[in-house]
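Novice: Predicted model follows, preceded by the sequence.
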Amino acid sequence: MKELLRSTDPVKLALATALLEGEGIDAFQIDVHMSVLEGSLGILPRRLMVRDADLFLARVVLGDNGIGSD
(Lines give C-alpha, C1' and ligand atoms only; values in the text may rest on other atoms or scores of the structure.)
Protein backbone atom coordinates (compact mmCIF):
# COMPACT_ATOMS: atom_id res chain seq x y z
CA MET A 1 0.00 0.00 0.00
CA LYS A 2 1.13 3.51 -0.77
CA GLU A 3 0.14 6.84 0.72
CA LEU A 4 -1.70 8.91 -1.85
CA LEU A 5 -2.91 11.86 0.20
CA ARG A 6 -2.40 13.28 3.68
CA SER A 7 -4.82 15.91 4.94
CA THR A 8 -6.59 17.28 7.99
CA ASP A 9 -9.62 18.16 5.86
CA PRO A 10 -12.26 15.39 6.11
CA VAL A 11 -14.22 16.84 3.17
CA LYS A 12 -11.17 16.67 0.90
CA LEU A 13 -10.56 13.07 1.93
CA ALA A 14 -14.20 12.11 1.33
CA LEU A 15 -14.16 13.74 -2.11
CA ALA A 16 -10.90 12.04 -3.03
CA THR A 17 -12.26 8.68 -1.90
CA ALA A 18 -15.46 9.15 -3.93
CA LEU A 19 -13.51 10.14 -7.06
CA LEU A 20 -11.24 7.12 -6.75
CA GLU A 21 -14.14 4.74 -6.16
CA GLY A 22 -15.80 6.17 -9.28
CA GLU A 23 -12.73 5.08 -11.24
CA GLY A 24 -12.70 1.63 -9.66
CA ILE A 25 -9.73 2.32 -7.39
CA ASP A 26 -10.00 0.98 -3.85
CA ALA A 27 -8.82 3.47 -1.23
CA PHE A 28 -9.03 3.60 2.53
CA GLN A 29 -8.17 6.09 5.24
CA ILE A 30 -5.82 5.37 8.09
CA ASP A 31 -5.17 7.39 11.25
CA VAL A 32 -8.90 8.17 11.41
CA HIS A 33 -9.19 7.58 15.13
CA MET A 34 -6.12 9.60 16.09
CA SER A 35 -8.45 12.44 17.12
CA VAL A 36 -8.94 10.60 20.41
CA LEU A 37 -5.28 11.25 21.21
CA GLU A 38 -5.27 14.86 20.07
CA GLY A 39 -8.50 15.88 21.79
CA SER A 40 -10.52 16.19 18.55
CA LEU A 41 -8.67 19.32 17.45
CA GLY A 42 -8.11 18.11 13.88
CA ILE A 43 -4.37 18.76 13.91
CA LEU A 44 -3.21 15.24 13.08
CA PRO A 45 -3.60 14.42 9.39
CA ARG A 46 -5.36 11.36 8.06
CA ARG A 47 -3.81 9.37 5.24
CA LEU A 48 -5.50 7.97 2.17
CA MET A 49 -3.92 4.73 0.97
CA VAL A 50 -4.15 2.86 -2.36
CA ARG A 51 -2.61 -0.30 -3.79
CA ASP A 52 0.86 0.09 -5.28
CA ALA A 53 -0.45 -0.78 -8.75
CA ASP A 54 -3.15 1.93 -8.54
CA LEU A 55 -0.91 4.76 -7.34
CA PHE A 56 -0.14 6.35 -10.72
CA LEU A 57 -3.76 6.34 -11.91
CA ALA A 58 -4.97 7.57 -8.51
CA ARG A 59 -2.57 10.53 -8.68
CA VAL A 60 -3.82 11.37 -12.16
CA VAL A 61 -7.46 11.22 -11.03
CA LEU A 62 -6.84 13.52 -8.07
CA GLY A 63 -4.63 15.87 -10.09
CA ASP A 64 -7.27 16.19 -12.82
CA ASN A 65 -9.75 17.22 -10.13
CA GLY A 66 -7.46 19.73 -8.43
CA ILE A 67 -6.89 17.73 -5.27
CA GLY A 68 -3.41 17.74 -3.77
CA SER A 69 -1.78 17.43 -0.37
CA ASP A 70 -2.17 20.10 2.31
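Specialist: Now that the structure is in, tell me what you want to look at. Residues are numbered from 1 along each chain as shown.
Novice: Which parts of the chain are strands?
Specialist: In the chain, strands defined by DSSP state E lie at 2-7, 27-30, 46-50, listed in chain order.
Novice: Looking at the ones you listed, which one is packed in the most?
Specialist: strand 46-50 (a mean of 20; mean count of other CB atoms under 10 Å). The way it works is simple: take the backbone N, C-alpha and C, and place the C-beta from them, glycine included.
Novice: Could you list every helix and strand in contact with that one?
Specialist: Strand 46-50 makes packing contacts with strand 2-7, helix 10-22, strand 27-30 when contacts are defined by 3 or more CB pairs under 8 Å, 6 or more residues apart in numbering; DSSP states H and E.
Novice: Neighbouring strands - and their directions - for the shortest one?
Specialist: Under the criterion DSSP bridges, strand 27-30 sits next to strand 46-50 (antiparallel) in its sheet.
Novice: The strand it pairs with - what's its average pLDDT?
Specialist: Strand 46-50 shows a mean pLDDT of 94 in the predicted model.
Novice: Check what contacts it and list those residues.
Specialist: The set of residues external to strand 46-50 that reach it, using CB atoms under 8 Å, 6 or more residues apart in numbering, is 1-8, 10, 13, 16-17, 20, 25-32, 34, 58.
Novice: one more time with 10 Å, if that's ok
Specialist: With contacts defined as CB atoms under 10 Å, 6 or more residues apart in numbering, strand 46-50 is touched by 1-10, 12-14, 16-17, 20, 25-35, 55-59, 61-62, 67, 69.
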